[in-house]
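**Student:** The sequence and its predicted three-dimensional model are supplied below.
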Amino acid sequence: MQHCNEYETLSRRGMLTGGLRAVGRLLDVPQATAPGLEVTFADPHVGPRGDTLVCVFLRGGIDGLNVVVPYGDPTYYDARPTLAINPPDRGTGAVDLDGFFGLHPSLEPLGAIYQAGSLAAVQATGSPDDSHSHFQAMAEMERASFGSGVYSGWLARHLATLDTGNTSALRALSIGEMLPASLAGAGSATVLRSIEAFRLRASDEDQEVLRDLLAFLYEGEANALGDAGRGTVETIRALEGIDTSTPPRGRAYPETVFGRAMQTAARLIRAEVGVEVACLDLGGWDTHAGQGGAEGYMATRLAELANGLAAFYEDIEPLMGRVTVLVMSEFGRRVRENAALGTDHGTGNMMLLMGNGINGGQVYADWPTLHPDALTGPGDLTITTDYRDILGEVISARLNNPRLADVFPEYTVAPRGVARLSTQTP
């Protein structure tokens, strides 16, 4: 599998940044709480908590046309003689969704969730950024503030405009190596690899003594350093009693970084420690060469994604009326396959939403067709649904935040009907 140089640089930069943050810290994590410039609003909306939002970002630009497959559009097969996924009625074909779209066969574990009405897909969606650059597209998508001069993250603005009375140090967290740009400006957001790893570098018998010492040390510090220190101590205390030994209710999670991150998210939600937003990444989607179709590199990556999502859903199914999972990527891929049997950077893409508060069992698409005359730029799927419409509807309907003009400056959200009001979900 070949990735472009920009994507490789992006991956190395993330590893180096995470490693530097780990140096000299007392914690066995790359970053505890992340102090910094905090975005604030004078009069946040005061209201009850809505769903816990789990954001899964597929970094690298996933080929959405081979995820939510438009098998009913004949141009799809003309443009992809090697990579196209067969229709549902042919060998190793797509998992039928609605007679026109289907899921890649590796996503079969999600089929039952779709049929139960708890999974929805959006096709021909994306952001206004047409740079085809991983760096710029990710930054713009995670800020969601195009042309407004606002540089905080959309999730940070959501948290800043909604006062739920939740003071947990785990209100906003990233399960991984570093804080995503969507949480930039969120004040003290927490970063952790796992529950087990978030502990002080001390023997078991010295943990409590050192923790109390840190609490005393930061008690009187009225600054960002003090906030970070107190947040770290609060996080350690919140995580101490969480059961990490109970096996999942349904299928096993993948034995991968992503699988373990999804299991960590499930455990935190089940423990009711105040998580409102959890961010996770799954990379490796920059498929310029050797992408594969129903089998091969991308099929293997999709199987990991599907099994992680399905295991999460089955594990905490009784709680899924108060959890929404959002899956997105910085851009899609070009419609026509390239000479290296891969796909190049595009724009239009797909999104997935999962949860019992989602109007699932549907594909939301104002389909522009794949006819060459209907494409954008160098041969990209045309965007007909701005991704902020999907994010905004989730924020207002599921997270109980009406302040969309502040979360998405200079943009008016047009709901698409993907989510029910949180008051309508038991």
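**Tutor:** Happy to help now that I have it. What you see is a predicted model, and the numbers here were worked out from it, not measured in a lab.
**Student:** for the nearest residue to residue 115 once chain neighbours are set aside, what are its contacts?
**Tutor:** Once flanking residues are discounted, residue 115 sits nearest to residue 361: 6.5 Å by CB to CB, 6 or more residues apart in numbering. (Glycine included, C-beta is placed from N, CA and C.) The neighbours of residue 361, taking CB atoms under 8 Å, 6 or more residues apart in numbering as the test, are 114, 115, 116, 117, 119, 120.
**Student:** For the residue most central in space within the chain, list the residues it contacts.
**Tutor:** Geometric centre of the chain, nearest residue: residue 56, 1.9 Å, by CA atoms, centre = their mean. Applying CB under 8 Å, 6+ apart to residue 56 gives the contacts 280, 281, 282, 305, 309, 325, 326, 327, 328.
**Student:** So the fifth one lies in a helix, does it not?
**Tutor:** Yes: secondary structure assignment (DSSP: H, G, I helix; E, B strand; the rest coil) places residue 309 inside a helix.
**Student:** Low-confidence regions, the stretch 301-426 of the chain specifically.
**Tutor:** Along the stretch 301-426 of the chain, segments meeting pLDDT under 70 span 424-426.
**Student:** beta partners for the residue nearest to the centre of the chain?
**Tutor:** For residue 56, the beta-bridge partners under DSSP bridges are residue 280, residue 327.
**Student:** That one and residue 405, how far apart?
**Tutor:** 26 Å (CB to CB, to the nearest Å).
**Student:** got it, and residue 328?
**Tutor:** Residue 328 is 22 Å from residue 405, by CB to CB.
**Student:** Between these two, which is the more surrounded one?
**Tutor:** Comparing residue 328 with residue 405 by other CB atoms under 10 Å, the one with more neighbours is residue 328, at 25 against 13.
**Student:** Quick one: residues contacting the more buried one.
**Tutor:** Taking CB under 8 Å, 6+ apart as the criterion, residue 328 is in contact with 55, 56, 57, 58, 141, 349, 351, 387.
**Student:** List only those of those residues flagged as buried.
**Tutor:** 55, 56, 57, 58, 141, 349, 351, 387 (16 or more other CB atoms under 10 Å).
**Student:** so which pair among those residues is furthest apart in space?
**Tutor:** 55 and 349 (15.3 Å; CB to CB).
**Student:** is it true that residue 173 lies in a strand?
**Tutor:** Yes: counting by three-state DSSP, residue 173 falls inside a strand.
**Student:** Okay, strands next: where are they in the stretch 151-300 of the chain?
**Tutor:** 162-163, 172-175, 189-192, 277-283 (DSSP state E, counting those that start in this stretch).
**Student:** ok, so of the contacts of residue 56, who is nearest residue 263?
**Tutor:** Using CB to CB, the contacts of residue 56 come closest to residue 263 at residue 280, 10.8 Å.
**Student:** tell me the contacts of residue 167?
**Tutor:** residue 274.
**Student:** Going forward, count from 40.
**Tutor:** Got it, the first residue is 40 from now on, which makes the last one we talked about residue 206.
**Student:** For it, give me the backbone phi and psi.
**Tutor:** phi -110, psi 10 (degrees, to the nearest 10).
**Student:** So for it, what's the pLDDT?
**Tutor:** For residue 206, the pLDDT comes out at 88.
**Student:** Same list (the buried ones among the contacts of residue 367) but as TSV, adding distance to residue 404.
**Tutor:** Shown next, in TSV, are the buried ones among the contacts of residue 367 (distance: CB to CB, whole Å):
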residue	distance to residue 404
94	21
95	20
96	21
97	19
180	19
388	12
390	11
426	13
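**Student:** need the helices for the stretch 190-339 of the chain, in chain order.
**Tutor:** In the stretch 190-339 of the chain, the helices defined using DSSP state H, counting those that start in this stretch lie at 193-199, 243-257, 263-279, 296-310, 336-354.
**Student:** Lowest average pLDDT across the ones you listed?
**Tutor:** helix 243-257 has the lowest average pLDDT among the helices of the stretch 190-339 of the chain, namely a mean of 60.
**Student:** Tell me if residue 434 really is in a strand.
**Tutor:** No: counting by three-state DSSP, residue 434 is not found in a strand; it is helix.
**Student:** Three-state assignment for the spatially closest residue to it that is not a sequence neighbour, please.
**Tutor:** Distances taken as CB to CB, 6+ apart place residue 440 nearest to residue 434, at 4.9 Å, with adjacent residues excluded. Here residue 440 is recorded as coil under three-state DSSP.
**Student:** For residue 440, give its distance to residue 459.
**Tutor:** From residue 440 to residue 459 the distance is 16 Å (CB to CB).
**Student:** you'd agree residue 313 is up against residue 211?
**Tutor:** No: using CB atoms under 8 Å, residue 313 makes no contact with residue 211, being 9.8 Å away.
**Student:** Would you check how far apart residue 231 and residue 303 are?
**Tutor:** 8 Å.
**Student:** what do those two both touch?
**Tutor:** residue 214.
**Student:** which one of residue 313 and residue 211 has more residues nearby?
**Tutor:** residue 211 (29 against 18).
**Student:** how many neighbours does residue 282 have?
**Tutor:** Residue 282 has 9 nearby residues by other CB under 10 Å.
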